[in-house]
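> okay, here's the prediction I keep looking at, along with the sequence it came from:
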Amino acid sequence: MSRGELRILTWHVHGNYLYYLTQVPHTFYVLADAARSPGYAGRAGCLPWGANVVELPLEQVRDTAFDCVLYQSRRGWEVDRHALLSAAQRALPRIYLEHDPPQAHPTDTRHVVDDAGTLLIHVTAFNRLMWDSGRTPTRVIEHGVTLPAGVRYDGSLARGIAVANHLAQRGRRLGADVFEHWRAHVPLDLVGMDAEASGGLGEIPNIALPAFMARYRFYCHPVRWTSLGLSAVEAMMIGLPLVGLATTELACVVRNGETGFVDTDPQRLLEAMRELLDAPAEARRLGAAARREAERRFSIGRFTADWLAAFDEVTQ
């Protein structure tokens, strides 16, 4: 089967990621329930979904032909695989896309997929390193992003910006305490779902976020334990310098004094933020280097090519 002809069943787990994934020239059937509940939101949201994204009601799954199933959550693998799919559909070529590092023990957590016939794709090398994937074959496909035309760094607003959903609820793992410490000493804004609970500005629509971030002097990343956030990659692609904790994959993305600053000491990072606020030309220099790095490492062309290769491999 030639490229462009695959019919792929999947779930709406992370909207921005799904949007970038569907730049791959295959047809994606995205599950939807009547309530548009988490994981079953179909084409919901303000993203400009392409014609290759087809909303599929749950009750129609068994009557629809697919070439591949792309799982994206533990519920999809443990529950939906058996409740929604036929035996023949469960035997189709399959990929499990793991978005996060382990949430239990950081090194000894066994991945839910234990299947030599499933390709387990991690979004960062750090995630693959930390999960115990057992006998399941693994691959890393790093993020790829594309921005609205004309969005470029402005940096005229002498503030930093952080992007996090439900920061108050998710607490220390996402660095709620670190963010509060920083905000007490330098001007920082927070956007994301329920950002108001942390004194933030609220949620910015996905499609509008890049232009909104472009006004800020730098991107602030207080997260202790996470995957590599798409908003951080988008900030780099815009041309914002990044300042964040040198944990998980971010430590291998930002180079100190070249594209931003990373450190495990929040106080040293606070000093770096002050420097960027006082030196807009230096912030612009670092941001330009961050954009060049993002264009090299996180281009949508490289991303789609990697996914095309993965789909080709499992469906041969």
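Ah, there it is.

> can you list the weak-confidence ranges in this structure?
Within the chain, the segments meeting pLDDT under 70 span 1-4.

> please redo it, this time with the cut-off set to 50
For the chain, the stretches with pLDDT under 50 are 1-2.

> grab the nearest non-local neighbour of Leu277.
Spatial nearest neighbour of Leu277, chain neighbours left out: Ala158 (5.3 Å); criterion: CB to CB, 6 or more residues apart in numbering. All C-beta atoms are positioned from the backbone trio N, CA, C, and that covers glycine.

> contacting residues around that neighbour?
Residues near Ala158 by CB atoms under 8 Å, 6 or more residues apart in numbering: 187, 217, 277, 280.

> hang on, isn't the third one packed against Trp182?
Yep, that's Leu277 we're talking about. No - in this structure, Leu277 is not within contact of Trp182 by CB atoms under 8 Å, at 11.8 Å.

> tell me how far the one helix or strand Tyr96 maps to lies from the chain's centre.
Using DSSP states H and E, the element containing Tyr96 is strand 94-98. Strand 94-98 sits 15 Å away from the centroid of its parent chain (CA atoms, centre = their mean, to the nearest Å).

> residues in contact with the helix or strand just after it?
Using DSSP H and E, the helix or strand that directly follows strand 94-98 along the chain is strand 118-122. Residues outside strand 118-122 that contact it (CB under 8 Å, 6+ apart): 94-98, 111, 113, 128, 131, 133, 136-141, 310, 313-314.

> ditto for stretch 95-112
By CB under 8 Å, 6+ apart, the residues outside stretch 95-112 that reach it are 13-14, 17, 68-72, 74, 77-78, 113, 118-123, 126-127, 130-134, 136, 225-227, 248, 310-311, 314.

> what distance separates the start and the end of that stretch?
Using CA to CA, to the nearest Å, the end-to-end distance of stretch 95-112 comes out at 13 Å.

> just to revisit the earlier point, could you measure from the residue nearest to Leu277 over to Cys220?
The gap separating Ala158 from Cys220 is 13 Å, by CB to CB, to the nearest Å.

> likewise for Ala35?
Counting by CB to CB, the separation of Ala35 from Cys220 is 35 Å.

> neighbour count: the two, which is higher?
Cys220 (30 against 8; other CB atoms under 10 Å).

> now do the SS call for that one.
On the three-state scheme (DSSP: H, G, I helix; E, B strand; the rest coil), Cys220 is labelled strand.

> residues in contact with it?
Residues in contact with Cys220, defined by CB under 8 Å, 6+ apart, are 160-162, 179, 182, 188, 243-244, 273.

> ok, of these, which one's closest to Arg173?
Phe179 (12.2 Å; CB to CB).

> that's a helix at the closest one, yeah?
Yes - remark: Phe179 belongs to a helix, assigned using three-state DSSP.

> re earlier: out of the contacts of Cys220, list just those in strands.
Among the contacts of Cys220, DSSP state E puts 160-162, 188, 243-244 in strands.

> which residues in the stretch 151-300 of the chain form strands?
157-163, 188-191, 216-221, 242-245, 260-263 (DSSP state E, counting those that start in this stretch).

> so which of those is the most surrounded?
The highest mean neighbour count among those, using mean count of other CB atoms under 10 Å, belongs to strand 216-221: a mean of 28.

> got the CA positions of it in PDB?
Coordinates of each C-alpha in strand 216-221 appear next as PDB, following Å, rounded to 0.1, in the frame of the first residue of the first chain:
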ATOM      1  CA  TYR A 216       7.300  38.200  25.800                       C
ATOM      2  CA  ARG A 217      11.000  38.500  26.600                       C
ATOM      3  CA  PHE A 218      11.500  34.800  27.400                       C
ATOM      4  CA  TYR A 219       9.700  31.500  28.000                       C
ATOM      5  CA  CYS A 220       9.700  30.200  31.500                       C
ATOM      6  CA  HIS A 221       9.700  26.400  32.200                       C
END
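
> domain ranges for the chain?
Domain segmentation of the chain under automatic domain parsing yields 7-144+299-315, 157-297.

> hang on, the earlier thing: give the intersection of the neighbour lists for Leu277 and Trp182.
By CB under 8 Å, 6+ apart, Leu277 and Trp182 have these common neighbours: Gly160.

> more neighbours: which of these two?
Trp182 (22 against 16).

> bridging residues for the residue lying closest to Gly199 once chain neighbours are set aside?
Excluding its sequence neighbours, the residue lying closest to Gly199 (CB to CB, 6+ apart) is Leu190, at 7.1 Å. On the basis of DSSP bridges, Leu190 is bridged to Ala162.

> wait, Leu190 touches Asn165, no?
No - the pair Leu190 / Asn165 is not scored as a contact, 10.4 Å apart, by CB under 8 Å.

> now do the contacts for the most centrally placed residue in the chain.
In the chain, the residue lying closest to the centroid (CA atoms, centre = their mean) is Leu230, at 3.9 Å. Neighbouring residues of Leu230 by CB under 8 Å, 6+ apart: 14, 16-17, 20, 143, 145.
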